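Novice: build me a model:
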Amino acid sequence: MANQSKQLVVLSGKGGTGKTSISAALAYEIKEQMQQPLVLIDADVDAANLALLLHPEIQNQSVFCDAEVAQIDAQACTACGICLQTCRYDAIIEGQPYSVDGIACEGCGACVFTCPEQAISLHEESSGFWFKSESLVGPMLHAELDPGGENSGKLVALLKQQGVQAAREINAVLMLVDGPPGTGCPAIAACSGTDLALLVTEPGLAAFHDLKRITATARHFNMPCVLCINKADINLKIKEEIVTWAEQESIPVLAEINFDEKMIECVMQGQIITQAYPQSKAAQQIKTLWTGLGKSLSI
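Specialist: Numbers count the residues shown, from 1 in each chain. Got it, this is the predicted structure:
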């Protein structure tokens, strides 16, 4: 039986720190150094953009259904008004017969249980799609949540389950998860079962503040953390404050990646910096980052 692959999640707390660019660059560097495929997961299902850099080819597309909405049988409804009194979300529309506002409905089922005519039932609705694709670094799991779609934390959990299965199929050493920003349900789902969290920050007050929040979240789940400071030279004062804080928190700083215009060019062109400009300063620093991560993961 194949050994279970290690899981590395890349988190930021704040959006816009360069987490996805670094995830893609790391994935390519890992593939080049290990000479074997890894499994990649884009866990930012509310605003997935890792595919913009990796250009995966979709192999399988599946509907994600996790929302339930009440529906009223027009023939059975007697317009008694009990469901209107029961609903706490103002989702029942009075009329002959009554109907349901699908946007307001939370799918709690209270109206289903209180309807004396059994005229109401819950029905699953699509919240988006998830994909299993093939990228230049290996299998990739990603998703597109519908605008306003809910339960993104459950969708992340689904992607990770599929990622574990894909890793077993190809005997992958590593599963790399590009996590979502923030500290909510999607980020918590991305942390599940992870061996190491790579925290990506930048020297700004908002990023530093959110770095502390995501660190607290990771530690709540007993996840070891390491740190990468992106665009480290744009504000040396705050960078030093972050380094000092990391020392106090016993969080290793594995890399300081300086601002590099090649990174911006790669984002604009949909390229990976470690592939397009392997000799650039940022690419070399990302290679150093992987060396530290490999040691931390013992792979």
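
Novice: just the helices from the protein, written as ranges.
Specialist: 19-34, 51-54, 82-86, 110-114, 152-170, 185-191, 205-220, 236-248, 261-269, 273-276, 281-297 (DSSP state H).

Novice: flag every buried residue along the first one.
Specialist: Think helix 19-34. 19-31 (16 or more other Cβ atoms under 10 Å). Quick note: C-beta positions are derived from backbone N, CA and C, even for glycine.

Novice: from the residues you listed, which is closest to residue 100?
Specialist: residue 20 (38.3 Å; Cβ to Cβ).

Novice: quick revisit: as TSV, the helices of the chain with mean pLDDT and distance to residue 103 would be great.
Specialist: Output for the helices of the chain, formatted as TSV (pLDDT from 0 to 100; distance: least, Cβ to Cβ, whole Å):
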stretch	mean pLDDT	distance to residue 103
helix 19-34	93	30
helix 51-54	95	28
helix 82-86	96	17
helix 110-114	96	16
helix 152-170	93	17
helix 185-191	93	20
helix 205-220	95	30
helix 236-248	97	42
helix 261-269	94	35
helix 273-276	95	42
helix 281-297	94	43
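
Novice: okay, now the domains of the chain?
Specialist: 6-55+136-297, 65-126 (automatic domain parsing).

Novice: deepest of those domains, which one?
Specialist: Comparing the domains of the chain by mean neighbour count (mean count of other Cβ atoms under 10 Å), domain 6-55+136-297 comes out on top with a mean of 20.

Novice: and that domain, end to end?
Specialist: 7 Å (Cα to Cα, to the nearest Å).

Novice: how far off centre is it?
Specialist: Counting by Cα atoms, centre = their mean, to the nearest Å, domain 6-55+136-297 is centred 10 Å from the centre of its parent chain.

Novice: phi and psi next, for residue 171.
Specialist: When read as degrees, to the nearest 10, the backbone of residue 171 gives phi 60, psi 40.

Novice: tell me how far it lies from residue 26.
Specialist: Residue 171 sits 20 Å away from residue 26, taking Cβ to Cβ, to the nearest Å as the criterion.

Novice: any weak-confidence spans in the stretch 1-150 of the chain?
Specialist: 1-3 (pLDDT under 70).

Novice: alpha carbons of stretch 119-127, as PDB, please.
Specialist: Provided in PDB are the C-alpha atoms of stretch 119-127 (Å, rounded to 0.1, in the frame of the first residue of the first chain):
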ATOM      1  CA  ALA A 119     -47.400  20.300   0.300                       C
ATOM      2  CA  ILE A 120     -43.800  21.500   0.900                       C
ATOM      3  CA  SER A 121     -40.600  19.600   0.200                       C
ATOM      4  CA  LEU A 122     -36.900  20.400   0.000                       C
ATOM      5  CA  HIS A 123     -35.000  20.000  -3.200                       C
ATOM      6  CA  GLU A 124     -31.200  20.200  -3.900                       C
ATOM      7  CA  GLU A 125     -29.900  23.100  -6.000                       C
ATOM      8  CA  SER A 126     -26.600  23.400  -7.700                       C
ATOM      9  CA  SER A 127     -24.100  25.700  -6.000                       C
END
